[in-house]
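Peer 1: How does the following fold in three dimensions:
(2 chains)
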2 protein chains.
Amino acid sequence: MMKHETVIQLLQSKHGEYISGETISQRLGVSRTAIWKQIRKLEEAGYVIEASRKLGYRLISVPDTYDLAALQDKLQTVSFGRGLQLLDTVESTQILAREAAESGAAEGALFLAEQQLGGRGRMGRGWISPRGKGIWMSMVLRPAVPIHFAPQLTLLTAVALCRSLKRTTSLAIGIKWPNDLLIEGKKISGILLESAAEDERLRYVIAGIGISVNLEEADYPSELLEKAVSLRMAGGKSWDRSELLADFLMEWEQLYRLYAKEGFGPIITLWEALAVSLGKPVRLTTPQGELSGVPIGLAESGAIRIKLEDGSVQSVFSAEMGEPL
Amino acid sequence: MMKHETVIQLLQSKHGEYISGETISQRLGVSRTAIWKQIRKLEEAGYVIEASRKLGYRLISVPDTYDLAALQDKLQTVSFGRGLQLLDTVESTQILAREAAESGAAEGALFLAEQQLGGRGRMGRGWISPRGKGIWMSMVLRPAVPIHFAPQLTLLTAVALCRSLKRTTSLAIGIKWPNDLLIEGKKISGILLESAAEDERLRYVIAGIGISVNLEEADYPSELLEKAVSLRMAGGKSWDRSELLADFLMEWEQLYRLYAKEGFGPIITLWEALAVSLGKPVRLTTPQGELSGVPIGLAESGAIRIKLEDGSVQSVFSAEMGEPL
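Peer 2: Model prediction:
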């Protein structure tokens, strides 16, 4: 039996160019009629496909709803995303994941929404999450490390997301400390890790992630356009969220396992290679006041190491980092 | 105007011995009739007072309900315990404090219950909290330190409670790492700090504290009697919970302010002076396996420093510490 994921995979592999019905027929070993039926099904699912008697089929756009079957099919993880709940409209996936974690949800339990009405970013800021245009998700982690190491998980998650998005989109994406992903200085994703601990033991961590995939200019409040951008606006095309998500979950799980085995050392190396905030003087706003210096790398604790004017190096645990001076 | 706290203070200062009506009258500058009226009020509030025409009055026992007016009167803190809610029966004060913290309760908001039906200790263990016999409480903290420092607050809380209880009861109380208080090897209190963080920022910490004040043998399941004891069983008399609580809150707030100003250094010194777990070989059960060695002190991170057989020193963040070997 032919699965429609396979036709869509062939269409997607052509990146918007035509593929003939004959080629599809040969590659999948099915009749032209069977393909045509499958194309109809894809169209019903929201894919826009152009059909030409001469040239065959080409994919114009992907649906703005997730294709769960396709997602499950692509997902090669052991636990990340394995307990998946796709919801239409929620206040915030973070709240759902936290409730699930309190009720004992296993590591990897994932809450995915088509839209959030009250998405939140760092420091209680809002996060716009319009229907079908981004990946709005929260996942339960149960890391076997003491509370001291929670900030390392934030940095690990940024590394995984950055590596995965660079690979799937080929866009020039970098990390601003601690965990913002930027394209040409504009933010394309937000990561927020909420930790719950008893004494020194982490009970669970909820990783909330928002990725602005297919948003258009009109989706942003105008004051945000200076500092935010979507993959679509940056890359000039829309992306299949299921594919981005599956690839990210795999990368993330791999790094998480590497971290469990070898500690934070390898993650520091990967983070520093992707960081756009190193080597340029910046101003940092910390709870203890303002500070200027040159970020030179990560400390083992997850703090950023800042070289001050007098040549000394200070580790900063918590701060808002400004634009390069 | 005479306050009944003052009569009770005089009675308590005699530790169960008689004090004559004349002495009270002179010390407080009020008539014998006023004193007699006040004694009646105290009896109505649950104090048991023996009256003798010849000898005067002596305090037999304190009530098993809190005297909120007396507590507020004794409390000299700036914020700790200032927003106080006294409840009769609750599942767990921890749940109430957490909900309050999520709703924006200020630092120092305190939830106090006469009894808990589902009191909890470390590692999900139960905690017996019979009516009127102990201090069962949870307080909201909003420390301006990053998540790395949460374990320091656990140790600070143990130091404050130990110093205060030693002063008010004169019993030989010591700290077992990280935060159990012991009398002759038996546990008299439990401390559990629940932290909620966003990335590296602590949003709040709920300090849950249970102090076994006036429990009797019959209040404990028999298997607990080997490892648990109350202040009353250890000291041979019952104690006024309002007084213990007021003194503890003041000590705690003082150390908390010292910590905010001078960091963890002074707390390490105080903790080590009270610790009963230093210098004796022990076995530790960590998430990574078993470990034997001699605890020699605290690390800046709040970890315990263990001298291993080969002479090297290892910092252990999270473990169950066994009995001395």
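Peer 1: Please name the nearest non-neighbouring residue to the residue in the stretch 201-325 of chain A that chain B sits nearest to.
Peer 2: Among residues of the stretch 201-325 of chain A, the one nearest chain B by Cβ to the nearest Cβ turns out to be A:Phe317. It sits 4.0 Å away. C-beta here means a position set from N, CA and C on the backbone, and glycine is covered the same way. With Cβ to Cβ, 6 or more residues apart in numbering or on different chains as the measure, B:Pro146 is the residue that lies nearest to A:Phe317, at 4.0 Å, once sequence neighbours are left out.
Peer 1: give me the number of residues near the one you found?
Peer 2: By the other Cβ atoms under 10 Å in any protein chain shown criterion, the neighbourhood of B:Pro146 contains 24 residues.
Peer 1: Also A:Val62?
Peer 2: Applying other Cβ under 10 Å, we find 24 residues neighbouring A:Val62.
Peer 1: In contact with the residue in the stretch 51-200 of chain A that chain B sits nearest to, which residues?
Peer 2: Using Cβ to the nearest Cβ, the point where the stretch 51-200 of chain A gets nearest to chain B is A:Pro146, with a distance of 4.0 Å. Neighbouring residues of A:Pro146 by Cβ atoms under 8 Å, 6 or more residues apart in numbering or on different chains: A:Glu200, A:Arg201, A:Leu202, B:Pro151, B:Phe317, B:Ser318.
Peer 1: again with A:Leu10
Peer 2: The neighbourhood of A:Leu10, defined by Cβ under 8 Å, 6+ apart, consists of A:Ile19, A:Thr23, A:Ile24, A:Arg27, A:Leu28.
Peer 1: ranking those by neighbours, who comes first?
Peer 2: Neighbour counts for the contacts of A:Leu10 (other Cβ under 10 Å) peak at A:Ile24, which has 22 neighbours.
Peer 1: Could you verify that that one is part of a helix?
Peer 2: Yes. When the secondary structure is assigned by DSSP: H, G, I helix; E, B strand; the rest coil, A:Ile24 falls within a helix.
Peer 1: Next, the contact list for it, please.
Peer 2: Counting by Cβ under 8 Å, 6+ apart, A:Ile24 makes contact with A:Val7, A:Leu10, A:Ile35, A:Gly56, A:Tyr57.
Peer 1: Could I get the pLDDT score of the residue of the stretch 51-200 of chain A closest to chain B?
Peer 2: Listed pLDDT for A:Pro146 reads 88.
Peer 1: and the nearest residue to A:Thr89 once chain neighbours are set aside, how many residues sit next to it?
Peer 2: The shortest distance from A:Thr89 to any residue that is not its chain neighbour, by Cβ to Cβ, 6+ apart, is 5.2 Å, and that residue is A:Gln115. Residues near A:Gln115, counting by other Cβ under 10 Å, number 17.
Peer 1: Quick check: phi and psi at A:Gln115.
Peer 2: Note on A:Gln115: its backbone torsions stand at phi -150, psi 150 [degrees, to the nearest 10].
Peer 1: who touches it in this structure?
Peer 2: A:Gln115 makes contact with A:Asp88, A:Thr89, A:Val90, A:Ser129, A:Pro130, A:Arg131, A:Gly132, A:Trp136 under the criterion Cβ under 8 Å, 6+ apart.
Peer 1: Next: A:Glu43.
Peer 2: Residues touching A:Glu43, when contacts are defined by Cβ under 8 Å, 6+ apart, comprise A:Ile49.
Peer 1: tell me the secondary structure for the residue nearest to A:Val78 when sequence neighbours are not counted?
Peer 2: What sits nearest to A:Val78 in space, not counting adjacent residues and going by Cβ to Cβ, 6+ apart, is A:Glu253, at 6.6 Å. Three-state secondary structure (criterion: three-state DSSP) places A:Glu253 in helix.
Peer 1: My read is that A:Glu253 contacts A:Gln76, right?
Peer 2: No. Between A:Glu253 and A:Gln76 there is no contact under Cβ atoms under 8 Å: 9.0 Å.
Peer 1: Looking at these two, which one has more neighbours?
Peer 2: In this view A:Glu253 and A:Gln76 are compared by other Cβ under 10 Å, and A:Glu253 has more residues nearby, 21 against 10.
Peer 1: mind listing the strands for the stretch 101-250 of chain A?
Peer 2: Under the criterion DSSP state E, counting those that start in this stretch, the stretch 101-250 of chain A carries strands at the ranges A:110-116, A:134-141, A:173-176, A:180-183, A:186-198, A:201-212.
Peer 1: residues of the third one that come out buried?
Peer 2: Spelled out, it's strand A:173-176. Of the residues in strand A:173-176, those scored as buried under the neighbour-count criterion (16 or more other Cβ atoms under 10 Å in any protein chain shown) are A:Ile173, A:Gly174, A:Ile175, A:Lys176.
Peer 1: for stretch A:49-66, what is the average pLDDT?
Peer 2: When pLDDT is averaged along stretch A:49-66, the result is 86.
Peer 1: Kindly apply the preceding question to stretch A:220-238 instead.
Peer 2: 93.
Peer 1: Likewise for stretch A:133-143?
Peer 2: Taken as a whole, stretch A:133-143 carries a mean pLDDT of 96.
Peer 1: buried ones in that stretch?
Peer 2: Within stretch A:133-143, the residues scored as buried using 16+ other Cβ under 10 Å are A:Lys133, A:Gly134, A:Ile135, A:Trp136, A:Met137, A:Ser138, A:Met139, A:Val140, A:Leu141, A:Pro143.
Peer 1: Please work out how many residues are found near the residue nearest to the fourth one when sequence neighbours are not counted.
Peer 2: Distances taken as Cβ to Cβ, 6+ apart put A:Ser129 closest to A:Trp136, at 4.5 Å, once the chain neighbours are dropped. Counted with other Cβ under 10 Å, residues neighbouring A:Ser129 total 25.
Peer 1: Contacts only, for A:Ala172.
Peer 2: A:Lys166, A:Ile183, A:Glu184.
Peer 1: Check A:Asp247 too.
Peer 2: The contact partners of A:Asp247, taken as Cβ under 8 Å, 6+ apart, are A:Lys74, A:Ser164, A:Arg167, A:Thr168.
Peer 1: Mind doing that once more with 6 Å?
Peer 2: Neighbour list for A:Asp247: A:Ser164, A:Thr168 [criterion: Cβ atoms under 6 Å, 6 or more residues apart in numbering or on different chains].
Peer 1: Quick one: name the residues of chain A near chain B.
Peer 2: Proximity of chain A to chain B is confined to A:144, A:146-148, A:150-151, A:154, A:193-201, A:287, A:317-318 under the rule Cβ under 6 Å from any Cβ of the partner chain.
Peer 1: hmm, back to that, for the contacts of A:Pro146, pick the one with the most neighbours.
Peer 2: With neighbours defined as other Cβ under 10 Å, the most crowded of the contacts of A:Pro146 is B:Pro151; it has 28 neighbours.
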